[in-house]
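[1] Quick one: sequence and predicted model below, then my questions.
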Number of protein chains: 2
Amino acid sequence: MEPSAPPLHRRIRATIEARILSGEWPPGTRIPAETELAASYGCARMTVNKALTELAADGLIERRRKAGSVVKRPVLQSAVLEIHDIRAEVEAAGFAYRYEILKRSTRQANRGDCARLQLDKPVPVLAISSLHLAADRPFCLEDRLISLHAVPQGEAENFAVLSPGAWLIGQVPWSQAEHRISAVAADAGMAALGMPMGTPCLAVERRTWNADHPVTHVRLIYPGEAHALVARFAPSKAG
Amino acid sequence: MEPSAPPLHRRIRATIEARILSGEWPPGTRIPAETELAASYGCARMTVNKALTELAADGLIERRRKAGSVVKRPVLQSAVLEIHDIRAEVEAAGFAYRYEILKRSTRQANRGDCARLQLDKPVPVLAISSLHLAADRPFCLEDRLISLHAVPQGEAENFAVLSPGAWLIGQVPWSQAEHRISAVAADAGMAALGMPMGTPCLAVERRTWNADHPVTHVRLIYPGEAHALVARFAPSKAG
DNA sequence: TAGTGGTCTAGACCACGCA
DNA sequence: GCGTGGTCTAGACCACTAG
């Protein structure tokens, strides 16, 4: 059986995208108007419109009334990295995944907690340290703070089945997040990772809000040069 | 003057998005069929379709024929980080930007070069080391390899006006890229950054292809804990 | 002011995938 | 089967903006 042809709007999109990526239509080139393209493809304008709208959403072209659609200059270094779920990451690499809760406490947010969650005034918080292991070897150290104001059910949860991160997804939606990636030197608090002090580690911090309300702050420490965040991608999202 | 109302498909999208993010429609909830929504909004199905198609593209809902549209479990840990142009990054922080070319050479790709560019067989390459400075202080060390097979005009370029990265954008489009972020210890090769050996540094590596053809490999070293990659975002791209 | 994209309609047929 | 989304049409009017 022949594989059925992809939809027309997708073929139109692919054709134009190929011309841009090949350099045939360099940045600044004006793309034929929707009506012209519709005529040349022998289809309705709406079909062409869908293709061009997607290209614009992907940042390959810029569209303006009257001026028409022009090929955009690539935004250069602006690119995208996906940060995966730890369990999925470990299992995708072919290792057995396991985690341990190292420490757990409930308290009224202190000064440092307020800074981590960017709280205006103290609320009850749940602090959890856990260790993620790949094939029983330390993979990542997690230090998490959860606002019990946003997630009161956290107080009764023991995280026996799901790690704090995985559990939290099912509890509360998030409307905004902030990531921060940096390099730090291993200190005494990272002894669980079993590395000499001073070893470079990758630190990934994430803050999450739901409707302007702080939900959680997590700091993930990946040991040394052994780990890297990797992403492979094309300039168009939907490609 | 009243601000003119946003288009109908956008209002429909916003309404549904709000219900999902507020938790009113938790993951797994089935969204009314397009025909039902069209009836309740008193509009054509195409209009509802556009709204739902965008929500699906943003990963908020999942659509299947016959089964209908259901609210997706947020992928949480999967998130997005933008890596900005260095010059823009420095200037956005309010510092004067400057760069220096430290070293430059042309050669037939050696074993290490082939690995960096993922070349099958050696091609002529251009190797450039440069230092990016913010307010005359070292900000980032760049070590770049450019395939002269993909960008022959690089041989004659002196990079006096544009840094190698900025210059390269204008020369050749890219169809795919790979990023790798890790933590490394400062070594002798990073002396230009003026840091003690062993200091943790953030290393960002990027490989770029054009139509399966290697274009460049760059390694950016940011000194110590002073620098971090930060991104703030909402779950929906178009929000 | 005229050309262009932005939006919307009221239909249509088809493909998929649960029942 | 048959309900659902996927796609497409052949129009239409409007909003913006470059010339």
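    Nice, thanks for sending it over. Since this is a predicted model, take the numbers as computed values, not measurements. Numbering: from 1, shown residues only, chains lettered A, B, ... in the order given.
[2] so how many other residues sit close to the spatially closest residue to A:Thr199 that is not a sequence neighbour?
    Spatial nearest neighbour of A:Thr199, chain neighbours left out: A:Ala186 (4.4 Å); criterion: C-beta to C-beta, 6 or more residues apart in numbering or on different chains. Every residue, glycine included, has its C-beta placed from N, CA and C. For A:Ala186, the neighbour count with other C-beta atoms under 10 Å in any protein chain shown is 22.
[3] Tell me which residues touch A:Ala186, please.
    A:193, A:195-201, A:221, A:223-224 (C-beta atoms under 8 Å, 6 or more residues apart in numbering or on different chains).
[4] is it true that A:Leu37 touches A:Val48?
    Yes - the criterion here is C-beta atoms under 8 Å, and A:Leu37 meets it with A:Val48 at 4.5 Å.
[5] So between the two, which is more surrounded?
    A:Val48 (25 against 21).
[6] Run through the residues that contact the more buried one.
    By C-beta under 8 Å, 6+ apart, the neighbours of A:Val48 are A:9, A:12, A:34, A:37-38, A:41.
[7] PyMOL command to pick out the buried ones of those?
    In PyMOL, a selection of the buried entries from the contacts of A:Val48 looks like this (16 or more other C-beta atoms under 10 Å in any protein chain shown):
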select buried, chain A and resi 9+12+34+37+38+41
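[8] between the contacts of A:Val48, which is nearest DNA strand C?
    DNA strand C lies nearest to A:Glu34 out of the contacts of A:Val48, by C-beta to the nearest atom of the strand, at 3.8 Å.
[9] Check what pLDDT that closest one gets.
    With respect to pLDDT, A:Glu34 scores 95.
[10] gap between it and A:Ala44?
    Using C-beta to C-beta, to the nearest Å, A:Glu34 is found at 10 Å from A:Ala44.
[11] Next: A:Met190.
    The value you get for A:Met190 to A:Ala44, if C-beta to C-beta is used, is 61 Å.
[12] who's more crowded, those two?
    Per other C-beta under 10 Å, whichever of A:Met190 and A:Ala44 has more neighbours is A:Met190, with 20 against 12.
[13] which parts of chain A sit against DNA strand C?
    With C-beta under 7 Å from any atom of the strand as the criterion, chain A meets DNA strand C at residues A:4, A:31, A:33-35, A:45-46, A:49, A:52-53, A:56, A:63-69.
[14] Drop anything exposed from those residues.
    Buried members of the residues of chain A next to DNA strand C, counted by 16+ other C-beta under 10 Å: A:31, A:34, A:52-53, A:63, A:69.
[15] the bottom helix or strand of chain A by mean pLDDT?
    Across the helices and strands of chain A, mean confidence by mean pLDDT, DSSP states H and E is lowest for strand A:80-82: a mean of 59.
[16] helix or strand right after it?
    helix A:86-92 (DSSP states H and E).
[17] Show me what that following helix is packed against.
    Judged by 3 or more C-beta pairs under 8 Å, 6 or more residues apart in numbering or on different chains; DSSP states H and E, helix A:86-92 is in contact with strand A:97-108, strand A:124-134, strand A:137-147.
[18] Buried deepest among the ones you listed, which one?
    Among those, strand A:137-147 has the highest mean neighbour count (mean count of other C-beta atoms under 10 Å in any protein chain shown), at a mean of 21.
[19] what is the mean pLDDT for it?
    Mean pLDDT, strand A:137-147: 94.
[20] what does stretch A:173-184 give?
    Here the average pLDDT along stretch A:173-184 is 80.
[21] give the contact list for the residue in chain A that DNA strand D sits nearest to.
    Relative to DNA strand D, the nearest point of chain A is A:Leu8 (2.7 Å; C-beta to the nearest atom of the strand). Residues in contact with A:Leu8 (C-beta under 8 Å, 6+ apart) are A:41, A:43, A:47.
[22] pretty sure A:Trp174 is touching A:Trp209, no?
    Yes - applying C-beta under 8 Å, one finds A:Trp174 in contact with A:Trp209, separated by 6.6 Å.
[23] Touching both of the two, which residues are there?
    A:Val215.
[24] for chain A, longest helix please?
    helix A:8-22 (DSSP state H).
[25] and the next element down the chain from that helix?
    As assigned by DSSP H and E, the chain's next helix or strand after helix A:8-22 is strand A:30-31.
[26] Run the chain-centre distance for that next one.
    33 Å (C-alpha atoms, centre = their mean, to the nearest Å).
[27] Which other helices and strands does that strand contact?
    Strand A:30-31 packs on strand A:68-71, going by 3+ C-beta pairs under 8 Å, 6+ apart.
[28] partners of the strand it packs on, with directions?
    Partners of strand A:68-71 in the sheet, by DSSP bridges, are strand A:30-31 (antiparallel), strand A:61-64 (antiparallel).
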